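> can't give you the sequence, but here's the structure:
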């Protein structure tokens, strides 16, 4: 989420290769994208930091009065929607409107969503959540591609450019929960959402005014829909919309209502079905060679590990947020910190620890191999929940010390640094060549499905103690991490088999 991918990022053909080096030795276009993404992430994480509190707080306190379980499920499925819509946003940028316009339209929609959330009315709140999800889906998958478009592929400054860019993400992510939480405490939820709206407005201003610095990056449509394809594309979208309608009807039958429960189930089913469909289509595609299929099979356990990791990691804004508010002692040096404060620990840890991990992988020559990095990352995420379960059991009916929850976030950050940076690299490495352009979409489906699992889990375990909830999830995830570690040699053999079938000699991993 917050860390840069260590491998190739799917992007349009690089459009800028100039002598402009006025921003820390980089083009001014990087400054435009750096500031745009800083403020966009400020708005996104600021809104997310208080969303579950707003949904579940009493109407008298300015909230919507939802049951805590339903509120947590709704925030989780909101995260699922963001990642599912990111797949659509990436496709629209690649084939219809280009990355720059996709970012611009997405930013306008996000800003409109935050403005709606600032209006004290339930209808506007739900509309705002939908708009922020839609806008983020348009914007999120295209920012990184525009950074890459500023450089030739052989430019040695590309890697440092992404490091600077992702520092902007974490700066925005760090300050927003603190500032939005403080505003919420004094003036209420809608004032907090107004701060997020201001952040998104700032992002749009920097993006629009800085367009001249981008040198045309993101203006082109890399693979435009040709006139002869329009009928087939329209038919495909019609089939997808019809399938979504059918899934909704099924969800309605299961839930027994037409409301928010059916919507949560619908998006959950789609998030579960999408990666399955993706793998089946790729495996059976005539454009995929027999040599590439072993790599695709080898990627499946890695995808499942990523899905389980994000199931745990993305609970920062749901179960961990409510745990911070209700079950955690928040006294620090005689002062009481807001529960939103804990959501700033992850980006702060990234800023501190990311250079350490970059040095570590360099010293170890990027070892251990990818499957073991995934296993370590998932095991650390599982450990964080086991630590929280143990602390909850020790506290009983009392409050857990604040340092415990802080440690949970730090442990999860260590796991993120093991798994997330190599995730996209592994995806682009193992995906068939005919589907390389869709590798980002495949990676986005892991956090989408992971948060869908959370949306179902929090409802299925309603009434279960924190100790049982966090402990159960931690044990299951730890067990799968052990299985993945055991599967490591098999994954490596499958990749080497594919290389041999293609006549490629492998070295190292």
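All right, it came through fine. Since we're looking at a predicted model, the values are computed, not measured. Numbers count the residues shown, from 1 in each chain.

> Report how many residues lie close to residue 311.
Neighbourhood size, residue 311 [other C-beta atoms under 10 Å]: 25. Backbone N, C-alpha and C define where each C-beta goes, glycine included.

> go on, residue 433?
The tally of other residues near residue 433 (other C-beta under 10 Å) stands at 10.

> For it, which residues are in contact?
Contact analysis of residue 433 by C-beta atoms under 8 Å, 6 or more residues apart in numbering lists residue 292.

> Verify the stated contact: residue 244 with residue 269.
No - using C-beta atoms under 8 Å as the test, residue 244 is too far from residue 269 to be in contact (9.6 Å).

> quick one, which of the two is more surrounded?
When residue 244 is set against residue 269 and neighbours are counted by other C-beta under 10 Å, the residue ahead is residue 269, at 18 against 14.

> Distance check, residue 426 against residue 373.
9 Å (C-beta to C-beta, to the nearest Å).

> for residue 407, that is, sorry about that
Counting by C-beta to C-beta, the gap from residue 407 to residue 373 is 22 Å.

> what's the helix or strand containing residue 126 packed up against?
Secondary structure assigned from DSSP states H and E places residue 126 in helix 122-148. With contacts defined as 3 or more C-beta pairs under 8 Å, 6 or more residues apart in numbering; DSSP states H and E, the packing partners of helix 122-148 are helix 28-56, helix 68-92, helix 98-118, helix 158-187, helix 439-460.

> Show me which residues of that helix are buried.
124-129, 131-148 (16 or more other C-beta atoms under 10 Å).

> quick revisit: more crowded one of residue 407 and residue 373?
residue 373 (24 against 16).

> Excluding residues flanking it in the chain, which one is nearest residue 185?
Distances taken as C-beta to C-beta, 6 or more residues apart in numbering place residue 338 nearest to residue 185, at 5.8 Å, with adjacent residues excluded.

> pretty sure the one you found is touching residue 182, no?
Yes - contact criterion C-beta under 8 Å: residue 338 and residue 182 qualify, at 6.6 Å.

> Just want to know which of the two has more residues nearby.
Neighbours per residue, other C-beta under 10 Å: of residue 338 and residue 182, the larger number sits with residue 338, 20 against 15.

> who touches that one in this structure?
So residue 338 contacts 178, 181-182, 184-185, 330 (C-beta under 8 Å, 6+ apart).

> Quick check on the residues you listed: which are buried?
The buried subset of those - by 16+ other C-beta under 10 Å - is 178, 181, 184, 330.

> what's the pLDDT at the last one?
For residue 330, the pLDDT comes out at 89.

> What about the residue lying closest to it once chain neighbours are set aside? Give its phi and psi, please.
The shortest distance from residue 330 to any non-neighbouring residue, by C-beta to C-beta, 6+ apart, is to residue 337 (4.9 Å). Residue 337 adopts backbone torsions of phi -90, psi 150, taken as degrees, to the nearest 10.

> Equivalent analysis for the one 4 residues further on, please.
Backbone dihedrals for residue 341, given as degrees, to the nearest 10, come out at phi -50, psi -40.

> what about residue 165, neighbour count?
22.
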